[in-house]
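Enquirer: pasting the sequence and the predicted coordinates here, then a few questions.
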Amino acid sequence: MLTQVSDSKQGEGAGPVQERAERSAAAPAMPEGLRDIGINRVGPKHIADRDTPLIRDCWYVLAWSREVGRELKRRFVLERDVLFYRTRDGEAVALQNRCAHRSFPLHQGWLDGDHVVCGYHGLTYTPGGDCVRIPSDPNTRPRRIGIHRFPVKEVPPFVWIWTGDPEAADESLVPDHHWLNDPGWSFSSGTKHVGANYVALHENLLDLTHFSFLHAGNVGTLDYAEAPFTIEAEGDRVNIKRTLPSQALPALYDRPANLVGVRVDRTSDSDFVTPGWHAAHASFHDPAGTNGGRTRYRAEILHALTPETQYTTHYFWALARDFAQGDEGATSYIAEAIETAFEEDKDALEWIDHIQRTERRSGYHEVSVPADKASLRMRRILQRMADREASAVPAV
Ligand code: FES
Ligand SMILES: [Fe+2]
């Protein structure tokens, strides 16, 4: 059951009681020259930011399935150097990319069948991470020498990794993305590397008012920022929803859906699902049935956020649609529009990160506005998760 926690822009200046209580406890007096609009100022105790420790007990996307093959590859994720490959039976494997002997990176070695041979002195490891051979000591069966094997779960088109407590790696917690395997849908996809902390990217995804400004030329329309919204929360999830009646579609959708110049009723909602996953859902209703009587169109915009380091993020995205199905022209058109928009996001987030990192002003606080309610709630959830992990068993 979802719990509604706040309601649209009508309540401007009157945030939930809990938020106001936290604010008064956390925030010092307003510095001179800043106008308090009565919503929130970011206090360090309750709200995650770029310095909050990464959350490890969570599934994150390690790679696209197509990237994992019979070649040794590496990727730095959650501050771990990870080696990945596929066994001859097709199973995806992720191991620590660091030989137990002298820390040589194993991706510089080679595969012997399904075993990994270190390229420095030849220690050899199974896909489970056990050392089975020490060439300089051939008569000894290595015991208790090994490297960490990360739990992985492949649900195409992704290979997911768990860098936290392996005992807690429940595969049922891999987020749903069935649209990417549904024959009734087609999807565009891509990958970006963002030089900013992943919390800022989650915030960007929950704050779609930036569409009207940062992305005015592609995915945004001018009225988007002013549309009323509702926020709902359930456990550690947050959802923000907007309804836009009788709107022209943005360039991202109007051509692929063959609805250029047609006014449709739009709903758009965004879900913070886990620290590694954000899912946005868009639907349009064309009451006139412009295309042969069709009235309903849907798109799922899926975002996998995998921290690389504390201050950099791997960003895997896919946009699935139930229209223009199988149309390669539409797939590449959407990919190009999204790439343009996400490059704008990347640029903005890297600028913000640069300013926050370099201009250290003691006592300075960012100001929040009503549209930030969903992202502030998400940041509280991330802070709670980080606090929980800080008091638990150390990560591998
Ligand atoms: S560093 Fe790998 S075998 Fe020596
Ligand atoms: Fe954006």
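Expert: Yes, it's here. Ligands and ions are numbered 1, 2, ... in the order given.

Enquirer: residue furthest from the geometric center of the protein?
Expert: residue 139 (48.1 Å; C-alpha atoms, centre = their mean).

Enquirer: just to be sure, it is in a strand?
Expert: No - Residue 139: not assigned to a strand; according to DSSP: H, G, I helix; E, B strand; the rest coil it is coil.

Enquirer: got the phi/psi numbers for it?
Expert: phi -90, psi 0 (degrees, to the nearest 10).

Enquirer: for it, list the residues it contacts.
Expert: Residue 139 makes no contacts at all, as judged by C-beta atoms under 8 Å, 6 or more residues apart in numbering. Any C-beta I mention is one placed from the backbone N, CA and C, and that applies to glycine too.

Enquirer: tell me the spacing between residue 250 and residue 375.
Expert: From residue 250 over to residue 375 the distance is 22 Å, taken as C-beta to C-beta, to the nearest Å.

Enquirer: looking at those two, which is more packed in?
Expert: residue 375 (24 against 19; other C-beta atoms under 10 Å).

Enquirer: does the more buried one belong to a helix, a strand or coil?
Expert: Residue 375 - assigned by three-state DSSP - is helix.

Enquirer: and it, what pLDDT?
Expert: We have a pLDDT of 95 for residue 375.

Enquirer: my read: it touches residue 206, true?
Expert: Yes - between residue 375 and residue 206 there is a contact under C-beta atoms under 8 Å: 4.3 Å.

Enquirer: for the chain, what's the longest strand?
Expert: If you go by DSSP state E, the chain has its longest strand at strand 296-309.

Enquirer: can I get the helix or strand that that one is followed by as CSV, trimmed to CA atoms?
Expert: Moving toward the C-terminus from strand 296-309, the next helix or strand (DSSP states H and E) is strand 312-321. Extracted in CSV, the C-alpha atoms of strand 312-321 (Å, rounded to 0.1, in the frame of the first residue of the first chain):
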residue,chain,number,x,y,z
THR,A,312,32.0,9.0,-10.5
THR,A,313,29.2,6.9,-11.8
HIS,A,314,28.5,4.4,-14.6
TYR,A,315,25.1,5.1,-16.2
PHE,A,316,23.3,2.4,-18.2
TRP,A,317,20.0,3.5,-19.7
ALA,A,318,17.2,1.9,-21.8
LEU,A,319,14.0,3.4,-23.2
ALA,A,320,11.4,0.8,-24.1
ARG,A,321,8.3,1.6,-26.1
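
Enquirer: strand 312-321 - contacts with which helices or strands?
Expert: Contacts defined by 3 or more C-beta pairs under 8 Å, 6 or more residues apart in numbering; DSSP states H and E place strand 312-321 against strand 59-64, strand 186-194, helix 198-206, strand 296-309, helix 328-358.

Enquirer: what does this protein put close to ligand 1?
Expert: 99, 101-102, 104, 118, 120-123 (C-beta under 6 Å from any ligand atom).

Enquirer: among these, who's most crowded?
Expert: Most surrounded of the residues of the chain next to ligand 1: other C-beta under 10 Å gives residue 123, at 26 neighbours.

Enquirer: if I pick that residue, what's in contact with it?
Expert: Going by C-beta under 8 Å, 6+ apart, the list of residues near residue 123 reads 99-101, 117, 131, 133-135, 142, 145.

Enquirer: looking at those residues, which are in helices?
Expert: If you go by DSSP state H, those have nothing in helices.

Enquirer: strands - which of these land there?
Expert: Those of the contacts of residue 123 lying in strands (DSSP E): 117, 131, 133.
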